[in-house]
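In: attaching a predicted model along with its sequence, questions to come.
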Amino acid sequence: MSIERVSIIGAGAWGTALALIAARAGRQTTLFVRRAELATDISAQRQNADYLPGIALPEAITLTSDLPHALQAEAILYAQPAQHLRGFCRAARPHWPGHAALVLCAKGIEQQSGLLLHEIAASELPSARVTALSGPSFAIDVARSLPTAVAIAGTDGALVDDLMLALSHGAFRPYGSDDLAGVEVAGAVKNVLAIACGMVMGAGLGDNARAALITRGLAEVSRLVLAKGGRSETLMGLAGLGDLVLTCSSPKSRNMSLGQELGQGRTLAEILSQRHSVAEGVTTASAVVTLARSLGVEMPIAEAVNRILHQGSRLDAEVGALLSRPLRRESE
Ligand SMILES: NC(=O)C1=CN([C@@H]2O[C@H](COP(=O)(O)OP(=O)(O)OC[C@H]3O[C@@H](n4cnc5c(N)ncnc54)[C@H](O)[C@@H]3O)[C@@H](O)[C@H]2O)C=CC1
Ligand SMILES: O=C(CO)COP(=O)(O)O
């Protein structure tokens, strides 16, 4: 299938950057904005001042707040926060075009159910051909046309190829994968680990501690990926190690910077009251704990992050508990 029309749902930083990708690749590009007045503002100013200030949006990007109109495309890229996917699917269902691809570009796990995003889409939007786009990709770097590689995953190989062709251009390079579950789990859990890394950096616990967290974090994500039917090679790829390293080492990450502020002693409520950007790891922390427990997967770092974020536990107590776990073989 040739993909000519690409619509992006959500005009946050990532949705706006994805619209730039599609437009640069020569696609007929529509960016769906929930609020009509914001669509008018962005259209008039040709920039998204709230989420990607200073980045010019070409005329080739059409803005709309009319969902049925936005859904008239061969590929529909979902770029709102993960917790809103179910609501989007329900709103889109009556208007969903026959064979359109749904490309999940959010990174998270549903808090109530512990479901992955493709599982939600499969139940709420059964006619959609579901894929996911994930990997190390700060929106601002993509918007500035800096070199970026991502994974596009799906079980329909021909569709993955079509999406890669439709979105690749210049400095933006997608790689294909058939491991939808692996790509999704990796993309969601790295946000929780980025909060953990931010906390140890904010508390001054040092680079050794952060490297240990990244490595042991990768071990626990691997267990969850395998339990969800994904493959361990995916963890060595862009959606796995690539995004984990990016997000756990740069304060440009909203998740890592939120962790840093927590490590410096601020409360979650204070931090969230001063931000308008999403840090998916906050909701994913409890979702991943629910999911891991239901599958019998041990995830001590995610459990610790969840207790600090949502149950009032202290960082020093959690670090002490992690360090005093029974000694074991690294590959166990
Ligand atoms: N910003 C980035 O560099 C990247 C972000 N992502 C993922 O993309 C997703 C969106 O993130 P960003 O664009 O960065 O968010 P953002 O923080 O820049 O923007 C917030 C977004 O949430 C939407 N929103 C707020 N309340 C909503 C509601 N009630 N219903 C529906 N939408 C609502 C806003 O319209 C806006 O699109 C997240 O899952 C994130 O993890 C993935 C890759 C890169
Ligand atoms: O997913 C991202 C980069 O790949 C963005 O990370 P943050 O949401 O932590 O900023």
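Out: Cool, got the structure. Ligands and ions are numbered 1, 2, ... in the order given.
In: same question for stretch 237-247: list its buried residues.
Out: 237-244, 246-247 (16 or more other C-beta atoms under 10 Å). C-beta here means a position set from N, CA and C on the backbone, and glycine is covered the same way.
In: swap in stretch 247-263?
Out: Under the neighbour-count criterion of 16+ other C-beta under 10 Å, stretch 247-263 has 247-249, 253-263 buried.
In: what sits against the residue most central in space within the chain?
Out: The chain has Lys107 as the residue nearest its centroid, 2.3 Å off, counting by C-alpha atoms, centre = their mean. Lys107 makes contacts with 82, 134, 184, 187-188, 190-191, 280, 284, as judged by C-beta atoms under 8 Å, 6 or more residues apart in numbering.
In: which residues touch the one residue in the stretch 51-200 of the chain that gets nearest to ligand 2?
Out: Ligand 2 sits closest to Ser137 of the stretch 51-200 of the chain, with a gap of 4.5 Å, by C-beta to the nearest ligand atom. If you count contacts by C-beta under 8 Å, 6+ apart, Ser137 has them with 17, 148, 150, 243.
In: tell me which element the last one falls in.
Out: It stands for Asp243. helix 243-249 (DSSP states H and E).
In: per-residue confidence at the closest residue to Pro147 other than its chain neighbours?
Out: Setting aside the residues directly before and after it, Pro147 is nearest to Ala171 in space (C-beta to C-beta, 6 or more residues apart in numbering), at 4.4 Å. According to the prediction, Ala171 has pLDDT 96.
In: quick one on the thing from earlier: give me the element the residue nearest to the centre of the chain is part of.
Out: Lys107 belongs to no helix or strand when elements are defined using DSSP H and E.
In: which residues of the stretch 101-250 of the chain fall in strands?
Out: Using DSSP state E, counting those that start in this stretch, the strands of the stretch 101-250 of the chain run over 101-104, 129-134, 148-153, 172-177.
In: in its sheet, which strands sit next to the shortest one, and in what direction?
Out: In other words, strand 101-104. Applying DSSP bridges, strand 101-104 is found paired with strand 75-78 (parallel), strand 129-134 (parallel).
In: just to revisit the earlier point, Gly15 versus the residue of the stretch 51-200 of the chain closest to ligand 2, what's the distance?
Out: Taking C-beta to C-beta, to the nearest Å as the measure, Ser137 and Gly15 are separated by 13 Å.
In: next: Thr234.
Out: As judged by C-beta to C-beta, Thr234 and Gly15 stand 25 Å apart.
In: tell me which of these two has more neighbours.
Out: The residue with more neighbours, out of Thr234 and Gly15, is Thr234; 27 against 24, by other C-beta atoms under 10 Å.
In: thinking that one is in contact with Val183, fair?
Out: Yes. With contacts counted by C-beta atoms under 8 Å, Thr234 reaches Val183, the gap being 6.0 Å.
In: what touches both of the two?
Out: Joint contacts of Thr234 and Val183 (C-beta under 8 Å, 6+ apart) are 151, 177.
In: flag every residue of the stretch 51-200 of the chain that's near ligand 1.
Out: Contact residues, the stretch 51-200 of the chain versus ligand 1 (C-beta under 6 Å from any ligand atom): 51, 79-82, 84, 105-108, 137-139.
In: tell me the two of those residues that are most distant?
Out: Farthest pair in those (C-beta to C-beta) is His84 and Phe138. Separation: 21.3 Å.
In: restrict the contacts of Lys107 to contacts with ligand 2.
Out: Restricting the contacts of Lys107 to those near ligand 2 by C-beta under 6 Å from any ligand atom leaves 191, 280.
In: Ala292: which element?
Out: Assigned by DSSP H and E, Ala292 belongs to helix 281-295.
In: hmm, that helix in reach of ligand 1?
Out: No. Helix 281-295 lies out of reach of ligand 1 by C-beta under 6 Å from any ligand atom, never closer than 8.7 Å.
In: so what secondary structure elements neighbour that helix?
Out: Helices and strands in packing contact with helix 281-295 are listed as helix 180-202, helix 207-227, helix 254-263, helix 300-310; criterion 3 or more C-beta pairs under 8 Å, 6 or more residues apart in numbering; DSSP states H and E.
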